[in-house]
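Chemist: Got a predicted structure here, sequence first:
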Amino acid sequence: MKLKFTKKAGLLLSIDLLKRAQILLFMAILFTSATTLAQLQTHSDFSTFPRQAIPLYVEIPGSRLAPGYKEKIYTSRNGVTKIKRVSIPQIAIFLPEKSLDGAAVIICPGGGYGLLAYNLEGTDIARTLNEWGIAAIVLKYRLPSDSIMKDKSIGPLQDAQRAIQFVRENATQLKINPEKIGIMGFSAGGHLAATLSTHFEKTYIDNPLNTSLRPDFSILVYPVISLSDKLAHVGSRNNLLGKNPPPELIKEFSNELHVTAQTPPTFLMLARDDKVVNPENSIRYYEELLKANVPAEIHIYKNGGHGFGAYNRVAKENWMGTLKHWMQRNNFIHEKAGENLVLRN
């Protein structure tokens, strides 16, 4: 039999082989994931980057083939590790020495949907949560791009939904309480966390087990909430929705408009002098939470600006102590969480 090879046929063959290769690679990683998760029980190492990560999908939903599209990792002058052009979503799981409650937090670093401030708003936060006995899952979500996504507006949300689905479905192995899984986000990562917290009833991923995609609580730090003309961080909106999005799309992803009584209890932290994201984003969201009778708490520093991570250098305060007390008061973590808990070497 003689095969006729054309450019089109060759392209289709290449795509098919690439997909098969991706699936085989993913299955190989999954084959070792049980070992990986077991190792995480005895090892929390923050000294190296990138950490061994677990891919979220066998086949990434809504993806486009984009040869040459490569992730870029670099460190800025102030020591922040930044990641651009993320096309393969992953989670890095950091487990504590001990846990009194089995609580877990999925962390979404910020960066205007154009990059991820991976250590400042990711692994550094995970370290502190581990010290309190909380499992921390740092989400490296896809950064929206028409080059790699059929619909870039839902790509990050799909990854956030898949992250909570993965953690909840593997809760027993991870020694996590499936009813104490929260979402935490900074800046645009805060928008993603708020979107997950207000759009969990609509499933954007395959969910054969009908696993709940609702976070049990939300922690939003100087978050983008609204994509309306008056409140939006323009860069985040442009990256997620494009430069001239239709009004219905703006409305769909303006999270203050989607708060209900089922929205998770929420903690908000920001600074009044934030010149990047209008503080009204958080205030409006808080007001809607109050109207819906959702337990919520908001803390606004007089100064601190935007992007301060876990430590407000202007106020000279680590605000995460306030977060810890909120989590204790609301029974998300034990009142003695963090006492005499030591990270594994």
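Modeler: Structure's in. What do you need?

Chemist: What's the first helix or strand after whichever strand or helix holds residue 129?
Modeler: Taking DSSP states H and E as the criterion, residue 129 maps to helix 124-131. Using DSSP H and E, the helix or strand that follows helix 124-131 in sequence is strand 135-140.

Chemist: Spatially nearest residue to residue 158 (excluding sequence neighbours)?
Modeler: Among residues not flanking residue 158 along the chain, residue 204 sits closest, at 4.7 Å (CB to CB, 6 or more residues apart in numbering). Backbone N, C-alpha and C define where each C-beta goes, glycine included.

Chemist: what do you get for residue 206?
Modeler: Nearest residue to residue 206, sequence neighbours excluded (CB to CB, 6+ apart): residue 61, at 7.5 Å.

Chemist: quick one: strands adjacent to the helix or strand containing residue 91?
Modeler: Following DSSP H and E, one finds residue 91 within strand 90-94. When pairing is defined by DSSP bridges, strand 90-94 lines up against strand 54-55 (antiparallel), strand 135-140 (antiparallel).

Chemist: now the angle between strand 90-94 and the helix holding residue 129, please.
Modeler: Orientation of helix 124-131 against strand 90-94 (axes from the mean of the first three to the mean of the last three CA atoms, to 10 degrees) gives an angle of 40 degrees.

Chemist: Now do helix 124-131, average pLDDT.
Modeler: Averaging pLDDT along helix 124-131 yields 96.

Chemist: Over to stretch 271-288?
Modeler: For stretch 271-288, mean pLDDT rounds to 98.

Chemist: before we move on, the earlier item: among the strands paired with strand 90-94, which is the most enclosed?
Modeler: Greatest average neighbour count among those goes to strand 135-140 (a mean of 26), per mean count of other CB atoms under 10 Å.

Chemist: Buried ones in the helix or strand just after that one, by neighbour count?
Modeler: For strand 135-140, the following helix or strand on the C-terminal side (DSSP H and E) is helix 155-169. Going by neighbour count (16 or more other CB atoms under 10 Å), the buried part of helix 155-169 is 155-168.
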